[in-house]
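>>> need a structure here:
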Amino acid sequence: MSDHTSNARRAIFITGGGSGIGRAVAIYFAERGWFVGIGDINEENMEDTLGMTEGGFKYSHKLDVRDRDAWDVALKAFATAAGGRIDVVFNNAGIAHGGPYIDQPKEELEALLDINVKGVLFGAQAAHEHLVKTAPTSILINTASIAGIIGAPGLAAYSATKWAVRGLTESLDAEWAADGVRVASLCPGFIDTPMIAQVQGDSNRTAKEALQESGMEVSPVNDVADVVWSIVHGDDLHYTVGKFAKKMRRLHRWMPGTIRKQMRQRGLGVEL
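Numbers count the residues shown, from 1 in each chain. A predicted model of the protein is given here:
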């Protein structure tokens, strides 16, 4: 199941590759013959991910996405390891905090901005010089969220960061067209990752259990990897994951008043 557009093995660098979506995408692309590089602040988790990938074409680099200079070092090192090329940068690292906005501490808000916004901005800027070299088949993929399309109660700050990611994606898609570099966003709904396996506050239920009890869809993480593969080989701008996310995006486009009414009447009450 290899995927070659030239004689060189194609290469993807994935942030947040130590767990969740990043891990699933790393395994998926490695199985299809790609040279896979992962960046994460947690070295032990990265080693676990590499141990799950098949083949010898894999690389890890400790990376704090909040550090602009560290991005240059990480991508240069990966490009060297991959034979001088990077075809895809998956700007995926992110965190999620929820709850009533007025109760969110300063530290949570700053962490959301630093990782979900600054980290993505820095990654995009650092990726450009590498993706230009492999254009026109190269692409920057930014992980947004359905929360970057629909603003939900209890997710105000998180939603704000993901709207920023979606806006950045649309701007760079236009700005980098002349360079032959594609830009797209991944907008998942609720995904079965460690992020929603955490127990909520004073409750003994996990966020996943609360979502399922309320009738919400929680998609398998491998569904995301399949969509990321489609992004690399597709030509759209924003990609959703899961039936719920697809439905919400469609309603937001065609029935914004209905969505607003639903969000005002119904707080999800889920701390991610």
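>>> distance of Y28 from L237?
22 Å (CB to CB, to the nearest Å). (Each C-beta comes from the backbone N, C-alpha and C, glycine too.)
>>> swap that for D173, please
To L237, D173 is 6 Å away according to CB to CB.
>>> so where's the stretch 1-150 of the chain uncertain?
1-7, 56 (pLDDT under 70).
>>> thinking again about what came up before, between Y28 and L237, who's got more neighbours?
More crowded of Y28 and L237, by other CB atoms under 10 Å: Y28, with 20 against 15.
>>> Name the residues of the one helix or strand that one maps to that are buried.
Using DSSP states H and E, Y28 sits in helix 20-31. Residues of helix 20-31 classed as buried: 20-30 (neighbour count, 16 or more other CB atoms under 10 Å).
>>> phi, psi of the residue nearest to A77 when sequence neighbours are not counted?
Nearest in space to A77, with sequence neighbours left out and distances taken as CB to CB, 6 or more residues apart in numbering, is H61 at 5.8 Å. Main-chain torsions, H61, degrees, to the nearest 10: phi -150, psi 120.
>>> so how far is G123 from H61?
Counting by CB to CB - H61 and G123 are separated by 13 Å.
>>> still on that earlier bit, check the burial of the residue nearest to A77 by counting its neighbours.
A count of nearby residues for H61, using other CB under 10 Å, gives 21.
>>> Then D40?
Residue neighbour count, defined by other CB under 10 Å, stands at 26 for D40.
>>> Tell me the strands beside the helix or strand immediately after the helix holding Y28 in the chain, with direction?
Helices and strands here follow DSSP H and E; after helix 20-31, the next one along the chain is strand 35-40. In the sheet, strand 35-40 lines up against strand 11-15 (parallel), strand 58-62 (parallel) (DSSP bridges).
>>> Taking helix 20-31 as reference, get the angle to strand 35-40.
Taking axes from the mean of the first three to the mean of the last three CA atoms, to 10 degrees, one finds strand 35-40 and helix 20-31 inclined to each other by 160 degrees.
>>> Check the offset of strand 35-40 from the chain's centre.
In this view, strand 35-40 has its centroid 14 Å away from the chain centroid, taken as CA atoms, centre = their mean, to the nearest Å.
>>> And the one helix or strand K261 maps to, what's buried?
Assessed by DSSP H and E, K261 sits inside helix 256-265. Neighbour-count burial for helix 256-265 flags I259 (criterion: 16+ other CB under 10 Å).
>>> what's the average pLDDT for that helix?
The predicted model gives helix 256-265 an average pLDDT of 73.
>>> Repeat that for stretch 167-178.
The average of the pLDDT scores along stretch 167-178 is 98.
>>> What are the contacting residues of it?
Stretch 167-178 has contacts (CB atoms under 8 Å, 6 or more residues apart in numbering) with 120-121, 124, 128, 131, 140, 142, 144, 182-185, 237-238.
>>> go with 10 Å
91, 117, 120-121, 124-125, 127-128, 131-132, 135-136, 138-144, 148, 181-187, 237-238 (CB atoms under 10 Å, 6 or more residues apart in numbering).
>>> From the contact counts, what lies against the helix holding K261?
Helix 256-265 sits against helix 243-254, with contacts defined as 3 or more CB pairs under 10 Å, 6 or more residues apart in numbering; DSSP states H and E.
>>> chain center to the helix holding K261: distance?
Counting by CA atoms, centre = their mean, helix 256-265 comes out at 26 Å from the chain centroid.
>>> next one: stretch 82-92
Worked out by CA atoms, centre = their mean, stretch 82-92 lies 15 Å from the chain centre.
>>> Mind listing what's buried along it?
The neighbour-count check on stretch 82-92 (16+ other CB under 10 Å) flags 82, 85-92 as buried.
>>> what about it, how long is it end to end?
Counting by CA to CA, to the nearest Å, you get 20 Å between the two ends of stretch 82-92.
>>> coming back round to it: send me the helix holding K261 as CSV with only the CA atoms.
The C-alpha trace of helix 256-265 is given here as CSV (Å, rounded to 0.1, in the frame of the first residue of the first chain):
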residue,chain,number,x,y,z
PRO,A,256,-27.7,29.1,11.2
GLY,A,257,-30.8,30.3,13.1
THR,A,258,-31.6,26.7,14.1
ILE,A,259,-28.1,26.1,15.3
ARG,A,260,-28.1,29.3,17.4
LYS,A,261,-31.4,28.3,19.0
GLN,A,262,-30.1,24.8,19.8
MET,A,263,-26.9,26.1,21.3
ARG,A,264,-28.8,28.7,23.4
GLN,A,265,-31.3,26.1,24.7
